[in-house]
Every structure is written in structure tokens, then in C-alpha cells.
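Colleague: What follows is a predicted structure for the sequence shown.
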Amino acid sequence: MQKILVYIFAAVLIFITAVSSRAADFSPARPKVILISLDGATPRLIDKYLKHTDTVNGGLEWLESQGYVAQRNITISPSLTAPSHTAIATGSTASKNDINANGFHLVDSKFNQNINGFAAPIGGYSISSTGPTISLKPTAEPLWIGLRKSGKKVVTATFPGADGQDIFEPSSKKLIQASALRTVDYTVPFGTSAGVGAKGFNLSQKDFTVASSTITDQVKTVFPVFSPVLQTSLDKFIVGINYDIQVATIDTSNDDQANYDTLVFFDARQGIKPTVANPPTTGSAFVRSNQSSPFYLEGSTNQAGTRFYISNLAPDLSTVRVVRYGINYIPATPAVSQTVDDINSHVGFWSPPPDFRITQRLTPGLTNFSDREIEAIYADQVHTFVDYQTRIALRAIKQNPNADLVMVYIEQPDGSSHQFLLTDPRQATDIHNPKTIGAGQDQEKIARYNTYVQVAYQTANQAVQRIINAVGTDNNGKPKSNIIVVSDHGFAPFHTAVDLKTLLLQNGFDPTKVKAVTSGPAVNLYINLKGREADGIVSPQEYVTLQQQLVNTLKKAADKNQNYTLGQPSVALFDKIYTRPLPSLTNPSFGNGTSKFIGQDSGDVFAILNVGYNFDGIQTPAVQRLDDTPESHPVLSVPSFYGAHGYDPNNPLMSAIFYAAGPNIPHGSKSQVRNIDIAPTINQLFGVRSARTVEGKRIF
């Protein structure tokens, strides 16, 4: 009898297992791991802006409640976007992966040439007597290479480094990294400009004339109108073909008064067409005040588009202020053309990202726009662009439910933190008035800017929650995919812009022999070494002298204005200074030495400013700080924006974030992880051995 019961139990167990297996076969597929990078998200600011209620509001808080969190995530040096994302993807530091800044110089190229850090060879290239060549032994490799070799399916949604591009040396145009190393199973590159920047327009009633009967009839097919339709020419530009943008006015209020409440933007060649939901086509843009609408450029071969925003529309048209956002598209190289077509056709053309040129009034036509109008424009761009990036991620997941790894990049809260992190009493609330520091600060503006940063964090957090919603949660609330959310770096306020070019000239450096390439508060200083640079002129003997002179100049550079030094008589401008190691003068490797902080294409001197100082943000003309000695070209000045990163990664202000939850992620916390630990952690989840170049260790 006992034996019979055993057989019955075994049969039942087999049946249950078979049913469960069958059920699993028919359960909706979903990616195993989703890595989300929220650019610039900072632990202390998440605590400030997202953890302010007694309830869990979703997104990051939900992941923390269901999984694993680190109080601090140490990024790399320098803590900049391109190097830090490369570190996340490769598990290696900047000196190893050879992406040492957002922009830098390749030493085996002409001295006046630089390369974009987002479009530079990951893992470097080979230096040879005939010029740069593709490296046969890269010093780092993105984790997607090993995963795909192991049969895993990888998807990237605008993640830096996964762009499907062939990378060329800027001087000789030689191929130094093939697109195959930067392409995955479904690759969505980050978009780019079509060469036409944003523009503001100030119109009034006198600019409009009665619209033609054709335009009026076209308007009436879309909206009822209760006042004469008026029309004016707005803008002309070229994106492959000529565009002539016209704007017509519409009064939709049936009140026997001329109350214009809507503008319609259209191309003169196309006329007015109804708004359509058939991406990338949008039809004409029908826009009300304080709103924007997308506008696809019909006929553009690269499927480019823009948006129109109305910041002020008086019912009588006495005041009409409009901004056309920059024109953008997704670069469709042969390696990614099918994916780009899929995004354009189902999500839409590349949405204009938040544009610092607008907030800093570098965009033409913004003279009469108020500060609040400018801020509202930027807020609209934050909302629309994060929504667009999120929809790209959701499309990528939907199209690839069986993906093993999905890598997602969200641009916020980085952009808003740069523009609005106004938290230091030494920051001038009016960038044109150095007296607006300390007691002279505009407290209402500080509170307003604080709200903009908060909204950026909330918007990014909503993107995370939308992805959680897409993959679903189990009965216990855990996401059904392993979701890991990180950032590339933290953020700090800064109060002073530093003009390094002027500092070098004041100290007698010849720009044909020494040049600086800055990214935020980090700088690579290159010496035009003969035999290394394609057009080098400096001998090894002179190199040694110049390198030491550069170090001495940086070490003595100081701020002595006590309005900014917190009462100290003097504060050094530079926090960290590193030099390229040198062998003997006759050593063939002279000028190519590397170290923990100096990679193949790092500067011969690499340095990082102290927090509070930044190479970016210099105004033209420069605005002198309060009580500084008057100079025509000051080294130190009032900057045009407020937040920065790129400082020493060990500074707590530069800490990134780490949250994770899912079926294969334990519940717990850690005081500290590193961004170079993320790649080996993901490899561990797949049981795939990390590349030999990985420097990090798995987190759990």
C-alpha cells in the first residue's frame, strides 16, 4: 500500500510539474534584465524630492521596497556622462576603457583635432607608425559583446556607446572601431541635430494678414472658426529640401469677439493638414498657449522633425511669442536602419531634447521672452523628451519580449540639474548681476528653480514606473523582470566659471605646443609631442619642461575672493592633478605611458577642479564676480548656469544611485557599490563569465 501511495504521489508531482511548465510556456515573455540609467540622479536629491511622504510612490521607492539598494554608488574619474556610461557598460575605469571625457584628443591624430566622447572607440585603438588602426586587443569591451557571444539577446534604447556607428579618427578618417562592436540585436541610437537650432519669434497683429481662401477652407475642415483666419510667414530653413513655415490664427470661441486661441503651423508646400497619429507624420501643428505640438518635416530624407511652443498668445494678437525647437532625427547607419525605421514608424521622429541654449538665451529671438516663459519652455521639453525616450524603451521591450538584457538611457534629471541647481549662497541668482549672491539672492527664484529640479526627478521616476508597469509584478509586488536602475554620476552646485585658456595664456604657454580640452570641471592638457602627435613639434626634452610647468601653474591657481572662499584667505582651484608617467627620454614609449588615472588618450596632465568651479558656463562678454579686480579677460567669472558634475568621484556629491528588484535579485542593502560593478553583476545574473578587462566585482 505504501509503495502504491509513493507511485501516486510521484505521478501527481509529475502532472503538476508538467502543468506548471506548460503554463510557463504560455505566460507572457518579458526581458530577463532591464538596466535603466537616469542621467545625473543623485542619492541626496532623491531623498529630497522623491521620499517626502509616508507612502511608497512607485518607481525607485518601489524598487527599494522590493529589492536591493546601495546608499552610495561610486562612479569613476572623471564623473562625466560619456566616461561613466562606458564604465557601466564595460566594468572598467576611464584610464582602461579610453573614454576619458565627453570630448578629448586622440594622441595619434593632428594636434588641433578632438573627438566626441560619445563617438570614440571603446577600449581604444592601436598607435602605429602609419597612423591609428583598429585595436586587436581592446583594453575594455561592452558587456553586450560577451553576452551575445554566449547566445544572449541584447537590446539598447539610446544607451551611450550602442549606436551602430563606425568610428573614424578625425584627421585621417581611418576606421578605428567597427560598428559591429557598437551594435546589438535591436539598437536605438541617440538622436542628433539636423543642423538647424531652435529659434524664437516675436509677432504682433501687424505681422498678420487675412489668409487666402485656400488656407481658410483648410482650417475649417479641422476647426470651426468664428473670426477671420489670419496668416503670416514665420520661418525658412533647409533640411535636405527648403521649408517655408507659415502660421495661421484660429478663433474657436463662439462669443462674437475676436479671441484668437490657437495657432496652426504648416509648410507652405503642404498646406494645412489635420493632425494625424501615423508616425512619423504629424500633419500640421495646432497649438494653444503654453503648449507644444510635434511637427514632422515631410520630405526630409532623414525623417527629421521639431516642435512648436507658444509661450504667449494674446487673444487680440497684440503679443504672440513662439519658439521653434531645434530640428532633430535619429542617425540611421546601415547597422541600425531597420530599428530606426521601426522607432520612426511607431514612436515618431526624434523629439527635441531639453535645450540649454534656450534657458541661457543663446538661442536667437528670445530677447522679449520673460524668465518664466523661458523656464516653461524648458519644462515642456523635459516632459516631452522623457516621455519620448520612455516610449522608445517600451517599444524596444514590446518588440523584443524574449530579450535577455535591455539597456535604457533617460536624459533626466541631468539637464534640469545643470540649469536649475541653485542651492549655494555664492551663486548669483541673476547671472548678469554679481551682487545677487548671499543676502542679495532672489529667494523666489531659488524656490522656483527648486521646483524645476523636483519635477525632473519626478518625471524620471515616472519613466521607471512605466517600465515596471510594462513588465508587470508578481503577487508579492516584485517586478517580473530584474530591473536595475543606476545613474552615471551625482551633481553639485557651482558658483564660478574658470577660463583655462586665459589662465594658460597669462602663464606664457604657446597654444601650438599646449592645448586644453575641457569637459565640465575636468581637463586634459595635451603637449604637441614630436613622434606621437601626427604633426608634433615638441621634443622629449621640452615635453618634460612643459609638463612640469603645467603642473606648477595649476597648483598655484587659487581663488582669493572671500565672497567665494567661505572666509578662507585662499582656495586652490584644482582638487586633483595627475601627470602622464615618463620613462627615459630615449625610450620608444616616451609620451605613451599610462597609469591608474592616465589612459592612452588622456592628457599629458589631467586635472579636476574643486567643487564650486567649472570650466563651462563662461558668458560672452564675461561677467566679473563681486569684488574681483576688474579685468578685460578674467580667469574667474559669473557662470551662465548652476549645476555641474565631473568632480572627484570620491566626493559624496558625485555619488550615483543603485536600485534593483526582480525575481533573481535579493532583498537587502549595501552601504557602497561602484559603477564598474554593474557589468559583472549583470553577467553573474546570466551565468556568463566577464571579460578579462573587467575591473569591477559583482554586487550580489
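Modeller: Happy to help now that I have it.
Colleague: Low-confidence regions, the stretch 1-150 of the chain specifically.
Modeller: 1-27, 52-56 (pLDDT under 70).
Colleague: What segments of it are helices?
Modeller: 2-26, 43-49, 60-66, 81-90, 94-97, 143-149 (DSSP state H, counting those that start in this stretch).
Colleague: What is the distance between the second one and the centre of its chain?
Modeller: The reference is to helix 43-49. Offset of helix 43-49 from its chain centre (CA atoms, centre = their mean, to the nearest Å): 20 Å.
Colleague: Give me the buried positions along that helix.
Modeller: 43, 45, 46, 49 (16 or more other CB atoms under 10 Å). Bear in mind the C-beta positions are built from the backbone N, C-alpha and C, glycine included.
Colleague: who does it touch, helix- and strand-wise?
Modeller: Packing contacts for helix 43-49, counted by 3 or more CB pairs under 8 Å, 6 or more residues apart in numbering; DSSP states H and E, involve strand 68-74, helix 443-471, strand 656-661.
Colleague: Same question for the third one.
Modeller: Under the contact criterion of 3+ CB pairs under 8 Å, 6+ apart, the helices and strands touching helix 60-66 comprise helix 443-471, strand 482-486, strand 656-661.
Colleague: Buried residues, that helix. List them.
Modeller: 60, 61, 62, 63, 64, 66.
Colleague: What of stretch 472-491?
Modeller: Across stretch 472-491, burial judged by 16+ other CB under 10 Å covers 473, 478-491.
Colleague: Which of those sits closest to residue 685?
Modeller: Of all these, residue 482 has the smallest distance to residue 685: 6.2 Å, by CB to CB.
Colleague: For that closest one, which residues are in contact?
Modeller: 32, 33, 34, 660, 661, 662, 663, 664, 665, 685 (CB atoms under 8 Å, 6 or more residues apart in numbering).
Colleague: where's it relative to residue 570, distance?
Modeller: Distance of residue 482 to residue 570, given as CB to CB, to the nearest Å: 50 Å.
Colleague: Could you list the low-pLDDT ranges of the protein?
Modeller: Within the chain, the stretches with pLDDT under 70 are 1-27, 52-56.
Colleague: could you redo the last one with a cut-off of 50?
Modeller: 1-26 (pLDDT under 50).
Colleague: How is it divided into domains?
Modeller: When the chain is parsed with automatic domain parsing, its domains come out as 28-117+143-160+408-700, 193-399.
Colleague: Compile those into TSV and extend it with columns for distance to residue 126.
Modeller: Formatted as TSV, the domains of the chain follow (distance: least, CB to CB, whole Å):
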stretch	distance to residue 126
domain 28-117+143-160+408-700	9
domain 193-399	22
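Colleague: Packed most tightly, which of the helices and strands packed on helix 43-49 would that be?
Modeller: Comparing the helices and strands packed on helix 43-49 by mean neighbour count (mean count of other CB atoms under 10 Å), strand 656-661 ranks first with a mean of 27.
Colleague: In its sheet, which strands sit next to that one, and in what direction?
Modeller: Partners of strand 656-661 in the sheet, by DSSP bridges, are strand 68-74 (antiparallel), strand 482-486 (antiparallel).
Colleague: chain center to the longest one: distance?
Modeller: This points to strand 68-74. Chain-centre distance of strand 68-74: 21 Å, with CA atoms, centre = their mean.
Colleague: What's the separation between the spatially most central residue of the chain and residue 184?
Modeller: Centroid-nearest residue in the chain, with CA atoms, centre = their mean: residue 411, separated by 4.4 Å. Relative to residue 184, residue 411 is positioned 20 Å away (CB to CB).
Colleague: Check residue 543 too.
Modeller: Separation of residue 543 from residue 184 (CB to CB) stands at 41 Å.
Colleague: who's more crowded, those two?
Modeller: residue 184 (27 against 23; other CB atoms under 10 Å).
Colleague: thought the more buried one was touching residue 154?
Modeller: Yes. Contact criterion CB atoms under 8 Å: residue 184 and residue 154 qualify, at 4.1 Å.
Colleague: if I look at the two, which residues touch both of them?
Modeller: 144, 148.
Colleague: returning to what we had before: of the buried residues of helix 60-66, just say which sits nearest to residue 536.
Modeller: Using CB to CB, residue 60 comes nearest to residue 536 of the buried residues of helix 60-66, at 49.3 Å.
Colleague: End to end on stretch 654-667, go ahead and measure it.
Modeller: End-to-end span of stretch 654-667 (CA to CA, to the nearest Å): 25 Å.
Colleague: now swap in stretch 213-233 and tell me
Modeller: Counting by CA to CA, you get 16 Å between the two ends of stretch 213-233.
Colleague: now do stretch 43-63
Modeller: The first and final residues of stretch 43-63 sit 14 Å from each other (CA to CA).
Colleague: still on that earlier bit, export the helices and strands packed on helix 60-66 to a markdown table and tack on distance to residue 167?
Modeller: Converted to a markdown table, the helices and strands packed on helix 60-66 look like this (distance: least, CB to CB, whole Å):
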| stretch | distance to residue 167 |
| --- | --- |
| helix 443-471 | 29 |
| strand 482-486 | 25 |
| strand 656-661 | 26 |
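Colleague: nearest to residue 537, of those?
Modeller: Of all these, strand 656-661 comes closest under CB to CB, at 40.9 Å.
Colleague: Helix 81-90 and that closest one, what's the angle between them?
Modeller: Strand 656-661 runs at 40 degrees relative to helix 81-90, counting by axes from the mean of the first three to the mean of the last three CA atoms, to 10 degrees.
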